[in-house]
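Trainee: what would the 3D arrangement of this be:
(chains A and B)
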Amino acid sequence: MNVITSFQRQLNVLDYALASLYRRRMKNLGIFTVFSTVIFLFSSFQLMTRGLTETAAEILQDAPDITVQQMSAGRQTSLDLSVISGLQDLFGVTSIMPRIWGYYFDESNGANYTVIGLNLQEPQHDLLPPLASGRFPTGGNTGDVVLSESVRTSLNLGGRQSFSLFRPDLTLMSFVTSGIFDSATALVTADMMLISLADARSLFALAESQVTDLMVSVANPREIDTIAAKISEQIPGSRVITRNQIMKTYSVVFSWRSGFGGICLLSSLVAFVILAYDKASGLSKEDLKEVGILKILGWQTSDVMAIRFWESGVVSIFALIFGYSLAWLHIVWWHGVLFQPLLLGWSVLRPQIDVVPSFAVQDLLLIFSVSVLPYLCATVVPAWHSAMVRPDTVV
Amino acid sequence: MRPCYYLAIVLFLAVVGDGLLVLQLRQQRLVHDAEKLQIMKVVSSLGLSDLAISTEARYTRHPAVSDPVVPFMDHPGALEHFPSGSFFQPLR
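Mentor: Got it, this is the predicted structure:
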């Protein structure tokens, strides 16, 4: 019986608090809008970084065991193929695949393409992913290239299959589109041109014996670090990157410590300081008079504080629901459209950012802790001040 | 009608809306998971190391195989100036 009475009493207090919110609807709508926007921005960034980090962690678990590059004067340079014979002798190394990889800047439209030159032998073709159309380049056919649909659009090929790219000496090299990457793989192939190793060597004017990196496969994953250390010793000035390092990079690269993350945090902080200040200084004569009348009618200090609690609770909880739901819509269905100008920057090729983050309770708790809790805390002191008012001084 | 009934209706609509969102999300995840398998095959066969989400600068296109100093390597005293650089945390 006592519980029911208490519940009904709280319902009555809630009724009063809602009516009070409605009386000052413009002010409360303003607070709700600012509050929702801050939560939306904060949650969107959290979801986007979580989505990108999770996606990278999943798809990059098949990255090369070890990637070997050559450095000179702090910059990456080409690597001589003669080092392969030394590496093949290392116990535990199962295969070494030379690769040429670089960037081609298209001066006509300012796009940057990632060009990958690989020797794809016929038997390997069974292991390759299916293309949207066509086939992978083979060593025998000079000029075959597999493109992504966005590169094809950027090159303005229309119905044509062939196009030319400039070598460093400005002579033209012709290519024929032999295949198109499936659009489902755009997350890693959006700016990619895949050609044979010989074609890449010709396009970038590299010497016969040179490549940009080696992809080393190791039989036992536990030996990757040991073999990486041995490779590093064997090739002076080399940069040896293990799969763990690649995955580690993506586990930290998207976070609150980035410049934009800092801005999101700072703007949230400033918004809450303003809201708290508004609450702390928002005791108008009408507010005090209202409390005075309530106390004359027999309301206790705790009842007045309960009204203020319900008012703040309703505004903050609904702002959390609205802002957080909107953030999911923004990231999953609208592909983080507000972050795209920043994330894509001046990129001419603009791959769609397609991430579906997992729902994490800790994210929701974090957002609750940095939004709803500070707001409720910020309302306690002014609520107590207003509740302690003596009726005869304000009425 | 009591104001708290209005609140209950709004809360109910919010729960229904979020429920629909969760159902849609599940559908989206199934599509995404199927695509992910294809992407993993591309990554393993071509030996890729990075996501193609920002193509404007080398160090945001391939952060995993770039040095932390690359953003400042254009010339002596160069400053990092690409917009996407502000989304990526500097590597240590």
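Trainee: okay, A:Ser281: pLDDT?
Mentor: Listed pLDDT for A:Ser281 reads 68.
Trainee: the residue nearest to A:Ser162 when sequence neighbours are not counted: what secondary structure?
Mentor: Closest residue in space to A:Ser162, ignoring its immediate chain neighbours: A:Val176 at 4.9 Å, by CB to CB, 6 or more residues apart in numbering or on different chains. (Glycine included, C-beta is placed from N, CA and C.) Taking DSSP: H, G, I helix; E, B strand; the rest coil as the rule, one finds A:Val176 in the strand state.
Trainee: how about the residues of the stretch 251-395 of chain A by chain B?
Mentor: Residues of the stretch 251-395 of chain A found near chain B (CB under 8 Å from any CB of the partner chain) are A:252-255, A:257-261, A:314, A:318, A:321-322, A:325, A:328-329, A:332-333, A:339, A:341-349, A:351, A:353-354, A:356, A:359.
Trainee: how far away is A:Ser164 from A:Leu170?
Mentor: Separation of A:Ser164 from A:Leu170 (CB to CB, to the nearest Å) stands at 11 Å.
Trainee: typo on my end, it should be A:Ser36
Mentor: 56 Å.
Trainee: with neighbour numbers in mind, choose between the two.
Mentor: A:Ser36 (23 against 6; other CB atoms under 10 Å in any protein chain shown).
Trainee: in what helix or strand does the more buried one lie?
Mentor: helix A:25-59 (DSSP states H and E).
Trainee: so what secondary structure elements neighbour the next helix or strand after that helix?
Mentor: As assigned by DSSP H and E, the chain's next helix or strand after helix A:25-59 is strand A:66-72. Secondary-structure packing of strand A:66-72 (3 or more CB pairs under 8 Å, 6 or more residues apart in numbering or on different chains; DSSP states H and E): strand A:75-77, strand A:79-80, strand A:213-218, helix A:224-234, strand A:238-242.
Trainee: partner strands of the first one, parallel or antiparallel?
Mentor: It stands for strand A:75-77. The pairing partners recorded for strand A:75-77 under DSSP bridges are strand A:66-72 (antiparallel).
Trainee: report the angle between the partner strand and strand A:213-218.
Mentor: 150 degrees (axes from the mean of the first three to the mean of the last three CA atoms, to 10 degrees).
Trainee: count of residues packed around residue 14?
Mentor: Since no chain was named, I'll use chain A. 21.
Trainee: if you could check chain B rather than the one you did, that'd help
Mentor: Neighbour tally, B:Ala14, other CB under 10 Å: 15.
Trainee: could you say which helix or strand holds it?
Mentor: helix B:3-46.
Trainee: so for that helix, mean pLDDT?
Mentor: 92.
Trainee: for residue 82, which non-adjacent residue is closest in space?
Mentor: Just going to use chain A. A:Ser209 (6.6 Å).
Trainee: hm, I was asking about chain B
Mentor: B:Ala57 (4.2 Å).
Trainee: that neighbour against B:Pro83, yeah?
Mentor: No: using CB atoms under 8 Å, B:Ala57 is not in contact with B:Pro83; the gap is 9.2 Å.
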